[in-house]
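Visitor: give me the fold of what follows.
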Amino acid sequence: MVIAFFLLFQSITFSFEGPFQVKNQYPIFLHADQPYLEKAAVENSMSYSLSHSSTYTVQSSGHWDINLDLEITELNLRYKRIVKDFAEFDLDIPVMIIGGGFMDGFLENYHSAFGFPDYGRSNRPHNEFLYEVKRDGRLIVQGKSRTRFGDIRLAVKKPLVSQNGFDLSVKGDVELPVGNAKTGFGNGSVDTGVSVLLDNKITDSIMTYLNLGAVFPGDLKGHEKIDLKNFIYGGAAIEADLGDGYGLLAQVLGQAPIYPETDLLAVDREAWLLVLGGRYKTGKRSFDLSLTEDINTSGAPDFILNLTYKMNL
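Guide: Numbering: from 1, shown residues only. You can find the predicted model right below:
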C-alpha cells in the first residue's frame with residue numbers, strides 16, 4: 001500500500017524532512033503529553049497529519065478494570081516558526097474522533113488468516129464502542145463516542161549545534177488541558193516535557209535521528225483523580241533518499257509506563273512503537289504515509305495508520 005501511494009506522484013526533488021511525527025494513540029496514555037520523534041534542525045512549516053488507530057484491551061485485576069475497544073481518528077494541525085533566528089516555536093492542535101470504528105471485521109479476518117492471536121476481540125460485537133476505566137470499582141473515565149478537541153501543545157526548540165550535517169537541539173513543551181478528562185479527550189492537567197534531539201547525516205542519501213526525553217504529566221482528573229507517573233522515552237530513525245523525490249523511513253520509539261501499577265500486562269510494561277513508511281517531496285511540499293505496529297503488545301494501539309501533508313513556509 002505504501003509503495004502504491006508513492007507511484008501516484010511524479011518526482012522533482014528530495015530533502016531530509018525528519019522522522020514521522022507519529023505519537024502513541026493508546027487511549028489512556030494519549031493525553032499525557034505523548035512524544036513523537038522529530039529532527040533537531042529547525043524549520044518554518046505547516047502540516048496536517050491524519051492518524052487512525054485501533055485498540056483492544058479488555059482486562060481486569062484485583063483493583064483495576066480497563067476496558068478499551070475503540071478506534072481513534074485524529075487530525076493534528078502543526079505549525080512551526082523560527083523566530084529571529086533564535087528558536088523554533090511550535091503549536092499542535094488536535095481534533096479527535098473517538099468511536100467504535102469500522103475495522104473489527106477486517107482485523108478479525110487478518111488475525112485468522114495469519115494465525116495471530118486476537119486477545120479476545122472476536123468475543124465482542126463488531127465495531128461496538130467501549131471505553132471505561134475503573135479502580136476498586138469506582139469510575140475514573142467513561143469514554144464518549146464523539147468529536148472534540150484534544151489537549152493543545154506549545155513547544156520551543158533551541159538549536160545548540162548545526163554544522164556539516166550534524167544538528168543538536170534541546171526542546172521544552174507544555175500541553176494545555178483543553179480536552180475533557182472524564183470522557184477521554186484529555187487528562188485535565190498541564191503536562192510538560194523536555195528532550196534532546198540529534199541529527200547526523202551518514203552519507204548524502206542517509207540521515208539518522210536520535211531523540212531522548214522525559215515527560216512530567218499532571219494528574220488525570222477524571223471522575224476521580226489518578227496520579228500519573230513521570231516517564232522517560234527515547235527513539236531513533238533512519239531516512240534514506242531513494243532519488244527522484246522519494247524516501248523511505250524506519251523508526252522506533254520506546255517509553256516507560258505511565259499509569260500506577262495495575263497488574264495488567266497491557267498497561268504496566270514499556271510501550272514500543274515500530275514505524276515504517278515512505279515520503280515523497282516536491283518543492284516545498286511533502287507527503288508521508290506510514291504504518292505503526294505495537295511490537296511489545298503493551299501500552300499502544302494495535303496499529304496506527306498515518307498520512308501527513310507538510311508545506312515548508
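Visitor: surely Ser232 meets Leu253?
Guide: Careful, residue 232 is Ile and not Ser. No. Taking contacts as C-beta atoms under 8 Å, Ile232 lies outside contact range of Leu253: 11.8 Å. For glycine as for every other residue, the C-beta is placed from the backbone atoms N, C-alpha and C.
Visitor: these two: which is more packed in?
Guide: The residue with more neighbours, out of Ile232 and Leu253, is Leu253; 26 against 14, by other C-beta atoms under 10 Å.
Visitor: who's in contact with the more buried one?
Guide: Neighbour list for Leu253: 24, 35-37, 211, 233-235, 272-273, 275 [criterion: C-beta atoms under 8 Å, 6 or more residues apart in numbering].
Visitor: and the strand ranked longest in the chain, what does it pack onto?
Guide: Longest strand of the chain, by residue count under DSSP state E: strand 64-83. Under the contact criterion of 3 or more C-beta pairs under 8 Å, 6 or more residues apart in numbering; DSSP states H and E, strand 64-83 touches strand 45-60, strand 87-99, strand 130-135, helix 265-268.
Visitor: next, the buried residues of it.
Guide: Within strand 64-83, the residues that qualify as buried are 64-74, 76, 78, 80, 82, counting by 16 or more other C-beta atoms under 10 Å.
Visitor: picking that back up, redo the contacts of Leu253 as JSON lines? Include pLDDT.
Guide: Formatted as JSON lines, the contacts of Leu253 follow (pLDDT from 0 to 100):
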{"residue": "Asn24", "pLDDT": "97"}
{"residue": "Pro35", "pLDDT": "96"}
{"residue": "Tyr36", "pLDDT": "96"}
{"residue": "Leu37", "pLDDT": "97"}
{"residue": "Asn211", "pLDDT": "98"}
{"residue": "Tyr233", "pLDDT": "98"}
{"residue": "Gly234", "pLDDT": "98"}
{"residue": "Gly235", "pLDDT": "98"}
{"residue": "Trp272", "pLDDT": "97"}
{"residue": "Leu273", "pLDDT": "97"}
{"residue": "Val275", "pLDDT": "98"}
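Visitor: tell me which of those residues fall in strands.
Guide: Among these, the ones falling in strands (DSSP E) are 211, 233-235, 272-273, 275.
Visitor: of those, which is the most crowded?
Guide: Per-residue neighbour counts (other C-beta under 10 Å) across the ones in strands among the contacts of Leu253 peak at Leu273, which has 27 neighbours.
Visitor: that one bridge partners, please.
Guide: Beta-bridge partners of Leu273, counted by DSSP bridges, are Leu253, Asp294.
Visitor: pretty sure it contacts Ile295?
Guide: Yes. Because the distance of 7.3 Å satisfies C-beta under 8 Å, Leu273 is recorded as touching Ile295.
Visitor: overlap of the contact sets of these two?
Guide: Contacts common to Leu273 and Ile295, judged by C-beta under 8 Å, 6+ apart, are Val252.
Visitor: quick one on the thing from earlier: farthest-apart pair in the buried residues of strand 64-83, please.
Guide: Greatest spatial distance among those (C-beta to C-beta): Asp65 and Ile82, at 47.2 Å.
Visitor: quick one on the thing from earlier: using a markdown table, lay out the ones in strands among the contacts of Leu253 together with distance to Thr192.
Guide: Shown next, in a markdown table, are the ones in strands among the contacts of Leu253 (distance: C-beta to C-beta, whole Å):
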| residue | distance to Thr192 |
| --- | --- |
| Asn211 | 16 |
| Tyr233 | 14 |
| Gly234 | 18 |
| Gly235 | 19 |
| Trp272 | 24 |
| Leu273 | 22 |
| Val275 | 25 |
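Visitor: nearest to Gly18, of these?
Guide: Closest approach to Gly18 among the ones in strands among the contacts of Leu253 (C-beta to C-beta): Asn211, at 10.3 Å.
Visitor: quick one: the closest one and Val194 touch, right?
Guide: No. In this structure Asn211 lies outside contact range of Val194 using C-beta under 8 Å: 11.3 Å.
Visitor: and Gly105, its phi and psi?
Guide: Per-residue torsions, Gly105: phi -60, psi -40 (degrees, to the nearest 10).
Visitor: contacts only, for it.
Guide: Taking C-beta under 8 Å, 6+ apart as the criterion, Gly105 is in contact with 126-127.
Visitor: okay, it: pLDDT?
Guide: On pLDDT, Gly105 comes in at 73.
Visitor: measure it to Pro301 for me?
Guide: Using C-beta to C-beta, to the nearest Å, Gly105 is found at 18 Å from Pro301.
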